[in-house]
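In: Based on what follows, work out the 3D shape:
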Amino acid sequence: MVKSLLALSMIASLALVTVGCGSNGDNGSPAPIDTAGPVFNNPTTTFHTQEEHNSTITLQATDPSAPVMFSISQTPHFMLAGSALTFSAPAYEDNASNEYYVTVTAKDSVGNSSTKIFSFIVDPLKASPMPVPVGDKNLTVQGDIITGPTGLKWLNTTASVTKYSDAVAFCENPNNGKGFHIARRDQILNLIDYSKGNGVNASLLEDEFDKNDKATTWAQKVADTYFSVNFVAGADVIEPGEDTPISGGNAAQYTVMCVKGLPADPHTFVADEQNASIVIDQTTGMKWTKVDTDNDEIRRAIEPDATTASQQKAADYCPAGFRLPTINELRTLVDYSDNSVNELVAPKPADTNKEPILWSSTKFTNSNVDKNYYLNTKTTLISAEVTSEAYFVTCVKATQ
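Out: Numbers count the residues shown, from 1 in each chain. Predicted structure coming up:
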């Protein structure tokens, strides 16, 4: 009997040792050994960032053997601080992939690790949306670079050339830095503050822009059409070719303006489902009246003279709550990427030779006679004319 009790006591002791050694304490099974690396939890590993901007993401990984520590491969443009991975985007490169990679390693507290490749795609600088251009009044000069409210970068140096190809070559010279190109005419027109007598920010003009013989600058051509912008007139012009006009026996000198960055996207227009005569600009919320460009009888003058005395004024032609648009508001109807005016507001007339012109409320100040700016819906050019001329009218209503 004594031997039996002793045997049972020994078995119980062995059982206690088994439970207390190398177990997880609940079910008696051995504790698992962590041999797996951390699991990355970032929802995506590919990111976009604008050229010459910094982009920071937070690395995420889980592991039962916390904490998780991160490290990265020695790769240009990347920096790691804790779990914050920062990519300093270089300049956008034409004809290149513009995608940059970095390998991230996550390691847990017992030495297990895993890796993941993250990539950043560099997008070209693009102008931030400017619902209605008001003139770049707040340009900032920093050495050779001028920046404005839209985020575009302008080269703070100019050249005078006769050929368009020379203008292109000047802007694309690598010595100017990567990504500069000849400015498109809407980018240049956006600099003009029509409330100041068509002047442009003095820091960008430099002294030479104030001279009438150098007041014209080449603008980027679209398809096979060459353009220029005249700062004195506050207007754009179609040039006959890549050579400047001959003046006084010599080729005129045009200025070159170089910019880095893409223009903002054109505005989006839709028909008003509640009123067939109204078009809505979805970019600004503004409402426009449609123009019957085939009906010359509805043309009006800003200030009627003897030949148009029987007409009401253009401004009085607008329905209640609407008014004549400014020239910058009119320019939002233009898609400068293909030289077209929105056809919901101003349809093309049946007569293809016709050039419907739309009045603006903006006065042309560099004249001894009363003139207002207008938009030619066929050429997409803006210019000024005496206010007694009878042109088509579209009216605009701003959102409240």
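In: Just give the number of residues close to Asn54.
Out: 12 (other C-beta atoms under 10 Å). To be clear about C-beta, it is placed using only N, CA and C from the backbone, and glycine gets the same treatment.
In: residue ranges for the helices of the stretch 51-200 of the chain, please.
Out: 164-171, 185-189 (DSSP state H, counting those that start in this stretch).
In: Highest mean neighbour count out of these?
Out: When the helices of the stretch 51-200 of the chain are scored by mean count of other C-beta atoms under 10 Å, the highest mean neighbour count falls to helix 185-189 (a mean of 25).
In: Only alpha carbons, please: show that one as PDB.
Out: The C-alpha trace of helix 185-189 is given here as PDB (Å, rounded to 0.1, in the frame of the first residue of the first chain):
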ATOM      1  CA  ARG A 185      -0.300  81.700 -74.700                       C
ATOM      2  CA  ASP A 186      -2.900  81.100 -71.900                       C
ATOM      3  CA  GLN A 187       0.000  80.800 -69.400                       C
ATOM      4  CA  ILE A 188       1.300  84.200 -70.600                       C
ATOM      5  CA  LEU A 189      -2.200  85.800 -70.700                       C
END
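In: got a list of what Ala314 touches?
Out: 300-302, 324, 359, 391, 393 (C-beta atoms under 8 Å, 6 or more residues apart in numbering).
In: Now with 10 Å, please.
Out: Ala314 sits next to 299-304, 308, 324, 358-361, 372, 387, 389-393, 395 when contact means C-beta atoms under 10 Å, 6 or more residues apart in numbering.
In: try Pro349
Out: 291-296, 355-356, 377-378, 392.
In: neighbour-wise, which of those residues leads?
Out: Thr377 (28 neighbours).
In: Looks like that residue contacts Thr394 (just checking).
Out: Yes - using C-beta atoms under 10 Å, Thr377 is in contact with Thr394, at 9.4 Å.
In: hey, what's in contact with both of these two?
Out: 291, 330, 333, 345-346, 356, 358.
In: which one of these is nearest Thr283?
Out: For Thr283, the nearest member of the shared contacts of Thr377 and Thr394 is Leu333. The distance, counting by C-beta to C-beta, is 11.2 Å.
In: and the closest one, how many neighbours does it have?
Out: 26.
In: and it, backbone torsions?
Out: Torsion angles at Leu333 (phi, psi; degrees, to the nearest 10) stand at phi -80, psi -10.
In: rewinding a little: any of the contacts of Ala314 buried? List them.
Out: Neighbour-count burial (16 or more other C-beta atoms under 10 Å) is assigned, among these, to 299-302, 304, 308, 324, 358-361, 372, 387, 389-393, 395.
In: which ones are touching the residue nearest the centre of the chain?
Out: In the chain, the centroid-proximal residue (C-alpha atoms, centre = their mean) is Ala127; its distance is 2.7 Å. Residues in contact with Ala127 (C-beta under 10 Å, 6+ apart) are 148-152, 186-187, 190, 259, 261-265.
In: wait, is Asp316 part of a helix?
Out: Yes - under DSSP: H, G, I helix; E, B strand; the rest coil, Asp316 sits within a helix.
In: Need the per-residue pLDDT for it.
Out: The score at Asp316 is 91. That number is its pLDDT.
In: So what's the residue count around it?
Out: By other C-beta under 10 Å, neighbour count at Asp316 equals 10.
In: Report the beta-bridge partners for the nearest residue to Phe120 once chain neighbours are set aside.
Out: Spatially, and ignoring its direct neighbours in sequence, Phe120 is nearest to Phe87 (4.4 Å; C-beta to C-beta, 6 or more residues apart in numbering). In this entry, Phe87 is beta-bridged to Ser55, Phe78, by DSSP bridges.
In: Check the burial of Phe87 by counting its neighbours.
Out: Residues near Phe87, counting by other C-beta under 10 Å: 22.
In: what do you get for Lys397?
Out: A count of nearby residues for Lys397, using other C-beta under 10 Å, gives 19.
In: can you check Thr362 too?
Out: For Thr362, the neighbour count with other C-beta under 10 Å is 23.
In: again with Asn230
Out: 16.
In: what do you get for Thr45?
Out: 14.
In: excluding its backbone neighbours, what's nearest it?
Out: Per C-beta to C-beta, 6+ apart, closest to Thr45 is Phe118, 4.9 Å.
In: how many neighbours does that neighbour have?
Out: 21.
In: In this structure the residue nearest to Phe120 contacts Glu99, no?
Out: No - using C-beta under 10 Å, Phe87 is not in contact with Glu99; the gap is 11.1 Å.
In: coming back round to it: return the residues in contact with the residue nearest to Thr45.
Out: 40, 42, 44-47, 57, 59, 72, 78, 85, 87, 100-104.
In: so where is the chain shaky, pLDDT-wise?
Out: Along the chain, the parts satisfying pLDDT under 70 run over 1-31, 128-138, 196-214, 309-310, 400.
In: any idea how it splits into domains?
Out: 39-123, 140-260, 269-397 (automatic domain parsing).
In: Include distance to Pro32 when you put those into JSON lines, please.
Out: Formatted as JSON lines, the domains of the chain follow (distance: least, C-beta to C-beta, whole Å):
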{"stretch": "domain 39-123", "distance to Pro32": "9"}
{"stretch": "domain 140-260", "distance to Pro32": "54"}
{"stretch": "domain 269-397", "distance to Pro32": "58"}
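In: measure the residue nearest to Phe120 to Thr44 for me?
Out: 14 Å (C-beta to C-beta, to the nearest Å).
In: Pull up the overlap in contacts between those two.
Out: Residues touching both Phe87 and Thr44 (C-beta under 10 Å, 6+ apart) are 57, 118-119.
In: Can I get those in JSON lines including distance to Phe269?
Out: Below are the shared contacts of Phe87 and Thr44 laid out as JSON lines (distance: C-beta to C-beta, whole Å):
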{"residue": "Ile57", "distance to Phe269": "37"}
{"residue": "Phe118", "distance to Phe269": "40"}
{"residue": "Ser119", "distance to Phe269": "37"}
